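Asks: Got a predicted structure here, sequence first:
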Amino acid sequence: MTLLNKPLAHEAVEDSNTSNNIEFQTIINRRMHRRHILKGGTGLTAAAFFGALPLVGCSDDDDDSPSRLPSDDDQAAIPAQGNLKRPDTLKFTAVAHSTADTMSVAEGYQAEMILPLGTPLMSGIADWKDNREQSAESFEWRMGDNHDGMWFFGKKGNNYDAKASKNGLLVMNHEYVNSSELSPFGYHVISDNNAAPIYQNRRLASDVRREVNCHGVAVVEMTRRADGVGYEMVKDSKYNRRITSSTPAQLTGPVAGSDLVKTKFDPTGFQTRGINNNCGAGLSPWGTYLTTEENFLGVFARGQDAEQLSAGHNYGRERYGASENFPGWEYLWHTPYAKDEIIADEFARWNMTATGADATEDYRNGFNTFGYITEIDPFDRHSAPQKRTALGRFAHENCAYAPVESGKPVVFYMGDDARGEYIYKFVSKARWSNADIGGGLKAGDKYLNEGTLYVAVFHEDGRGEWRPLVYGQNGLDATNAELPFAGQDEVLVFARAAADALGATKMDRPEWVSVSPMTGEVYVTLTNNKYRGEREDQPLSAANPRSYEARGKSRGNDNGHIIRWAEAGGDHAATRFEWDIYLFAAPSELAAENLSQLNKNNDLSSPDGLYFDPRGVLWIQTDDGAYTDTSSCMLLAALPGQVNDGTTITTSAGQQTRVGMTASDDSIKRFFVGPEGCEVTGITMTPDFKTLFINIQHPGNTWGAVAGGSTPRSATVMITREDGDVILAESFA
């Protein structure tokens, strides 16, 4: 990460995993063999996936109408869940590569930019301008920066209704800020080489406040336009809301009240201020929004205080990249000059240095209050965000739940987006009841505050296992050498160190997770890893099998891949699974690395966003820097098979692994290409399948700028068919 005068980019990734977990890989037989699908692990219907949940707008009809999914009327009969038949082939014409400063979408579709950075959610707030008129405080009621994960919540009256498409709440993350976007407002750094290391560069309070308010989540009420195609914002809606890096949030679960999260702000350890660096998102089975805190490291600084902390807690901080004399990334939120104690406290909370006699006199533990899955009820505008600590603390990319079934636990899958980090799942203690649908944050208390967090181990023979992060088990106790654990709170706050001790498999930046409604199998994007096969602590493994030189880049896994697995017996609470690599991303001309046989209609690099729609279509988004001389980042539609539908291969680096069936124009195709310089991310679809929303981060040139302006702006893109029919109607014909 380059600091001053460079845009903060999503690609800025901290790398702090130097554990030597490869030992757990090499002791296993490295010969791969074809395995049969786990018994009961495939063949799940869409009805089995969604159970009794009204999450896709499905009626109880036994109608056999195959797939021309629903009419304009929210009350119209929609095919029953078991009849959400996936198409056999993708029939739209693939979008060509593009490096233009405009976006392109498949023929027959239209893509429109909406809700860009700075859009007022309320009257009385001036429209965005390329000048310094927008105050920091006004961003408490404006769209924030770098739109990311999101979800459309159908609304009828004042209540959540998953069948409703005419009206709804679009809820989305604002992950971070670009200094290049905010520079018209005076991104200004004051240098002082005589100051302490972490204060040698200071910023203005007003600039920091503006950026703090640009982070977080936006809730925006949307209503269908009069012509029946697309949506517009309901300005001044009572539901319109911004949750920012200053909004108070509750800590819940095993870490709440722990000494590890007590601060000067809340000496009891039950509250913190703000949600931050919110990346991907998820939906809960009961209908709330799950946002994720990813690169929270960048907004914090740490001075010289190792002697005031235990060796274990020093190690725990370092596993999140927070070593001594760490100045943070370009944010420098801890640095504004302040003359009175109240204002000083506003910025001091971003400095984790231990300075007081104990944790209640400083913000050494402020860092520990970030990095969680956070639950928000968009329909309860007075509710506080709930940080669900039982799901662990790490650089959460997104959160996807598995099929729910009455009387069984609820299961969530998550990735830790950093090079060489891990894949996790959480299994609730409580058993699912359909009565909890619509239960809001009380349902979250029931399912998300107690349960077991697991980390994944991918064996070389195509099998895998889940190891529990439970205090007192498998060495997670005071005997652990690097970080002697004193309780479950420490295991969760320092989840990375706990996963190290369990021998988890280091992955190539685990990003978005999604679960197939057709097979119940779980898919995870592994976007890239420049260190794979190059650093001793990140050697090749069957699950991360490529290291190569291509297109002027040094060795490593520059283009990424998508891994998937089937849980034993189709039970998502199982502790065994079987896996393969669904897709290897690569430019089509890289013959030796194009192991999925992609062509110019579907080649891609650095898969990131991932979303199965309820019909079983998989949408893949990219966040790339390795192929952008040929094409900007993109959105593809895909029709995956199932685990072990391919063959055993050996990569150019000599690593044996399993790859899914080869790609074709029938099974994966480019649907959209974003403007030059952007990342395509965040995705959700309306219940009637007629509108697809995606987000564009950090576009280049002047994309998103106001008329006559020069500042590019992140924004949402609304995609509809020109004829108003459902998305991919041509494939369902």
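Replies: Sure, I can see it.

Asks: where does this structure have low pLDDT?
Replies: Applying pLDDT under 70 to the chain flags the ranges 1-13, 19-84, 132, 179-186.

Asks: quick one: the helices in it?
Replies: Using DSSP state H, the helices of the chain run over residues 23-26, 46-50, 179-182, 205-214, 311-318, 341-348, 440-448, 488-493, 495-501, 729-732.

Asks: Format these as CSV; extra columns: mean neighbour count.
Replies: Heads up, the C-betas are built off the backbone N, CA and C, glycines and all. Output for the helices of the chain, formatted as CSV (neighbours: other Cβ atoms under 10 Å):
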stretch, mean neighbour count
helix 23-26, 14
helix 46-50, 20
helix 179-182, 20
helix 205-214, 23
helix 311-318, 20
helix 341-348, 14
helix 440-448, 21
helix 488-493, 25
helix 495-501, 27
helix 729-732, 19
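
Asks: Using CSV, lay out these together with distance to Asp236.
Replies: Converted to CSV, the helices of the chain look like this (distance: least, Cβ to Cβ, whole Å):
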stretch, distance to Asp236
helix 23-26, 56
helix 46-50, 35
helix 179-182, 26
helix 205-214, 19
helix 311-318, 44
helix 341-348, 29
helix 440-448, 24
helix 488-493, 41
helix 495-501, 42
helix 729-732, 35
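
Asks: Which one of the ones you listed lies nearest to Leu590?
Replies: Closest to Leu590 of these is helix 23-26 (Cβ to Cβ; 25.8 Å).

Asks: do you know which of the helices of the chain lies nearest Tyr548?
Replies: It is, among these and with distance given as Cβ to Cβ, helix 23-26, at 19.8 Å.

Asks: what's the first-to-last distance across stretch 701-715?
Replies: 14 Å (Cα to Cα, to the nearest Å).

Asks: correction: stretch 638-656
Replies: 25 Å.

Asks: again with stretch 206-223
Replies: One end of stretch 206-223 sits 34 Å from the other (Cα to Cα).

Asks: And for stretch 465-479?
Replies: 24 Å.

Asks: Off-centre distance for that stretch?
Replies: Mean-position distance between stretch 465-479 and its chain equals 26 Å (Cα atoms, centre = their mean, to the nearest Å).

Asks: ok, now stretch 517-536?
Replies: Computed by Cα atoms, centre = their mean, the separation of stretch 517-536 from the middle of its chain amounts to 14 Å.

Asks: Next, count neighbours for Asp15.
Replies: Neighbourhood size, Asp15 [other Cβ atoms under 10 Å]: 17.

Asks: do you know how far it is from Asn544?
Replies: Noted for Asp15: a distance of 15 Å to Asn544, by Cβ to Cβ, to the nearest Å.

Asks: Over to Gln271?
Replies: In terms of Cβ to Cβ, Gln271 sits 39 Å off from Asn544.

Asks: of those two, who's got more company?
Replies: Set Gln271 next to Asn544 and count neighbours by other Cβ under 10 Å: Asn544 wins out with 27 against 17.

Asks: Surely that one and Met507 touch.
Replies: Yes. With contacts counted by Cβ atoms under 8 Å, Asn544 reaches Met507, the gap being 6.2 Å.

Asks: if I look at those two, which residues touch both of them?
Replies: Leu526 (Cβ atoms under 8 Å, 6 or more residues apart in numbering).

Asks: ok, the residue nearest to the spatial centre of the chain - contacts?
Replies: By Cα atoms, centre = their mean, the mean C-alpha position of the chain lies nearest to Gly280, the distance being 2.3 Å. Going by Cβ under 8 Å, 6+ apart, Gly280 touches 148-149, 173, 292, 294, 396-399, 511-512, 609, 681-682.

Asks: Mark which of the residues you listed are buried, thanks.
Replies: 148-149, 173, 292, 294, 396-399, 511-512, 609, 681-682 (16 or more other Cβ atoms under 10 Å).

Asks: any chance of these in JSON lines, with distance to Leu483 too?
Replies: Output for those, formatted as JSON lines (distance: Cβ to Cβ, whole Å):
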{"residue": "Asp148", "distance to Leu483": "31"}
{"residue": "Gly149", "distance to Leu483": "31"}
{"residue": "Asn173", "distance to Leu483": "30"}
{"residue": "Thr292", "distance to Leu483": "24"}
{"residue": "Glu294", "distance to Leu483": "22"}
{"residue": "His396", "distance to Leu483": "20"}
{"residue": "Glu397", "distance to Leu483": "24"}
{"residue": "Asn398", "distance to Leu483": "27"}
{"residue": "Cys399", "distance to Leu483": "25"}
{"residue": "Glu511", "distance to Leu483": "26"}
{"residue": "Trp512", "distance to Leu483": "29"}
{"residue": "Gly609", "distance to Leu483": "33"}
{"residue": "Thr681", "distance to Leu483": "33"}
{"residue": "Gly682", "distance to Leu483": "35"}
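
Asks: so of those, which ones are in strands?
Replies: 148-149, 173, 292, 396-399, 511-512, 609, 681-682 (DSSP state E).

Asks: Let's have these in JSON lines, adding distance to Ser310.
Replies: Formatted as JSON lines, these follow (distance: Cβ to Cβ, whole Å):
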{"residue": "Asp148", "distance to Ser310": "35"}
{"residue": "Gly149", "distance to Ser310": "36"}
{"residue": "Asn173", "distance to Ser310": "34"}
{"residue": "Thr292", "distance to Ser310": "29"}
{"residue": "His396", "distance to Ser310": "26"}
{"residue": "Glu397", "distance to Ser310": "30"}
{"residue": "Asn398", "distance to Ser310": "33"}
{"residue": "Cys399", "distance to Ser310": "31"}
{"residue": "Glu511", "distance to Ser310": "33"}
{"residue": "Trp512", "distance to Ser310": "35"}
{"residue": "Gly609", "distance to Ser310": "39"}
{"residue": "Thr681", "distance to Ser310": "39"}
{"residue": "Gly682", "distance to Ser310": "40"}
